[in-house]
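>>> need a 3D model of the following:
(one chain, ligands or ions: 1)
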Amino acid sequence: MNTPSQEGEGTEAAASPSNTDSWSHYWDSGALTSLADAFQANYQGAVRQHWEALFASLRDGTALLDIGTGNGAVPMIANGVARQRGIRFDLHGMDRARIDPARTVTAERELLDGICFHSDAAAEQMPFPDARFSAVTAQYALEYSDFARTLVEVYRVLAAGGLGSFVIHHPDSTVLKVAREELRHGALIAEIALFDRAEDLVGVLLGAPDTQARKALTGDADAQAARHAFNAAAERMGARIRGSRHPELLQIALDYVVRACKLANGGPASAALSLLEQGRREVSASLARLSDLVRATGDGSRISDIAERARDAGLIVQAPRKLYDEQRRLLGYALRVDKE
Ligand SMILES: C[S@@+](CC[C@H](N)C(=O)[O-])C[C@H]1O[C@@H](n2cnc3c(N)ncnc32)[C@H](O)[C@@H]1O
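Here you go, the predicted model:
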């Protein structure tokens, strides 16, 4: 059993509100995976094979629910396997975020056919009757929820003989290493106040609407100070980008501010300022999702806490397995549970 402190840490952390708005915003972009830099279109490699093996073992007509489905990556894989086998599953995906894959997803759209999505639906309080499903899946999702309550719901909505299959973050996985690095990049962007420095410079440039006025800026001490401050911030960004293996977030932020400064040099004022605002929002939404990811993963004891809660909920729990990709990079845990 858990010590009280482990119990408090696991459940309390998981119960704190996950950043639903930033996920809604993300899924609105039409992405299929929550790890857009790591996978093209839908999940590939070992994670996909893990799911394909499970779906190959399910009977025709199986009712399957995917929790924290995002834009439906997992039920889409299930749909693909069912079609190859010439059978059908009764597929459902639910997410606490606002999702509408039929409108937003462009890749592999044909695999959305027949999947029923439940938007704004929390895993801790599922909108389904008892024993509605024979299989429940979740990929990088169970741990984002208040998993003790979610597992009680999993038990309730599973029919006797049903199964649960979960892919869960591992604190030492590649995904987590990248996430921690990107959070450090976020801290740098905040420390050098990149967007504020860019806004100062954009303000100066917008105050000099013609060539004559812009020339005069070279003799203006305030304008020069704004330029130097922005350049110093951009140089620190550049140095970090050159030294980083995962500079995507830094690059996105830098692109926004550089484009805004170029636009301010003769373009319409509102366009430059709204580009900066858009950049701020995009970077802060990415950081919110990354913090959510690190919080959900927890430390090395999270997986045993989840397994323990699954047992408490009445499920039969197999030992968690580590999932690796073809290059032996750790992708997470696979956890299988069954209802007698
Ligand atoms: C990392 S994403 C995973 C999405 C998808 N399963 C995948 O593998 O790409 C986590 C998802 O869990 C959802 N989520 C977080 N807490 C939840 C909860 N309590 N109930 C339902 N969904 C939740 C988030 O909105 C987000 O879409």
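
>>> give me the neighbour count for the residue nearest to residue 132 when sequence neighbours are not counted.
Spatial nearest neighbour of residue 132, chain neighbours left out: residue 157 (5.1 Å); criterion: C-beta to C-beta, 6 or more residues apart in numbering. Every residue, glycine included, has its C-beta placed from N, CA and C. As a burial measure, residue 157 scores 22 neighbours (other C-beta atoms under 10 Å).

>>> so what's residue 157 up against?
65, 126, 128, 129, 130, 131, 132, 133, 136 (C-beta atoms under 8 Å, 6 or more residues apart in numbering).

>>> relative to residue 246, how far out is it?
Noted for residue 157: a distance of 38 Å to residue 246, by C-beta to C-beta, to the nearest Å.

>>> just residue 227 next, same as before
30 Å.

>>> compare those two (neighbour count), which wins?
With neighbours defined as other C-beta under 10 Å, residue 227 and residue 246 compare such that residue 227 has more, 19 against 16.

>>> tell me the secondary structure for that one?
Secondary structure assignment for residue 227 (DSSP: H, G, I helix; E, B strand; the rest coil): helix.

>>> leaving out sequence neighbours, find the closest residue to it.
Residue 227 sits nearest to residue 201 (C-beta to C-beta, 6+ apart), 6.1 Å away.

>>> report how many residues lie close to the one you found.
Residue 201 has 25 neighbours, counted by other C-beta under 10 Å.

>>> so which bits of this protein are right by the ligand?
Contact residues, the chain versus the ligand (C-beta under 6 Å from any ligand atom): 18, 20, 23, 33-34, 67-70, 73-74, 95-97, 122-124, 139-141, 144-145.

>>> out of those, which sit inside strands?
Judged by DSSP state E, strands contain the following of the residues of the chain next to the ligand: 67, 139.

>>> filter the residues of the chain next to the ligand to the buried ones?
18, 20, 23, 33-34, 67-70, 73-74, 95-97, 122-124, 139-141, 144-145 (16 or more other C-beta atoms under 10 Å).

>>> off-centre distance for stretch 207-214?
Between the centre of stretch 207-214 and the centre of its host chain there is 43 Å, according to C-alpha atoms, centre = their mean, to the nearest Å.
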